[in-house]
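Asker: quick one, structure for this:
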Amino acid sequence: MGYEGNVVKEALYFFKNRNRGQVKCNVSRILAVVDAYDAMTHYRVYRKAMGSSKAVAEIKKSSIRRR
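Answerer: Numbers count the residues shown, from 1 in each chain. Modelled structure (predicted):
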């Protein structure tokens, strides 16, 4: 397991040891970012895979707009 395993381990740790309501919100945000990154960096029938640095830049650009 790659980064997915690390994300899940961290999410479970914080879920068990922190305020559960806040953690659920944070875990949801983390998983949304991981899912977006995964979708952008893998080939799809309707588009080619995006490079890692371009995907990170796109995520950062989107996060700035949502603040």
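
Asker: now the end-to-end length of stretch 45-56.
Answerer: With C-alpha to C-alpha, to the nearest Å as the measure, the ends of stretch 45-56 fall 21 Å from one another.

Asker: how about that stretch: buried residues?
Answerer: 50, 55 (16 or more other C-beta atoms under 10 Å). Quick note: C-beta positions are derived from backbone N, CA and C, even for glycine.

Asker: kindly report the same for stretch 27-35.
Answerer: Val27.

Asker: what's Arg44 sitting at in phi/psi?
Answerer: Dihedral pair for Arg44: phi -120, psi 160, per degrees, to the nearest 10.

Asker: which SS class is the nearest residue to Tyr43 once chain neighbours are set aside?
Answerer: Spatial nearest neighbour of Tyr43, chain neighbours left out: Ala49 (4.6 Å); criterion: C-beta to C-beta, 6 or more residues apart in numbering. Put simply, Ala49 is coil when judged by DSSP: H, G, I helix; E, B strand; the rest coil.

Asker: I figured Ala49 hits His42, correct?
Answerer: Yes: counting by C-beta atoms under 8 Å, His42 is a contact partner of Ala49 at 5.5 Å.

Asker: got the contact list for the residue nearest to Tyr43?
Answerer: Neighbouring residues of Ala49 by C-beta atoms under 8 Å, 6 or more residues apart in numbering: 40-43.

Asker: ok, longest helix in the chain?
Answerer: Of all the elements of type helix in the chain, the one with the most residues (DSSP state H) is helix 20-41.

Asker: ok, residues contacting the helix or strand just after it?
Answerer: Using DSSP states H and E, the helix or strand that follows helix 20-41 in sequence is helix 52-65. The contact list for helix 52-65 (C-beta under 8 Å, 6+ apart) reads 33, 36-37, 40-41, 50.

Asker: pLDDT and distance to Ile59 added to these, as a markdown table?
Answerer: Shown next, in a markdown table, are the contacts of helix 52-65 (pLDDT from 0 to 100; distance: C-beta to C-beta, whole Å):
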| residue | pLDDT | distance to Ile59 |
| --- | --- | --- |
| Val33 | 86 | 6 |
| Ala36 | 89 | 6 |
| Tyr37 | 89 | 6 |
| Met40 | 92 | 8 |
| Thr41 | 92 | 11 |
| Met50 | 93 | 11 |
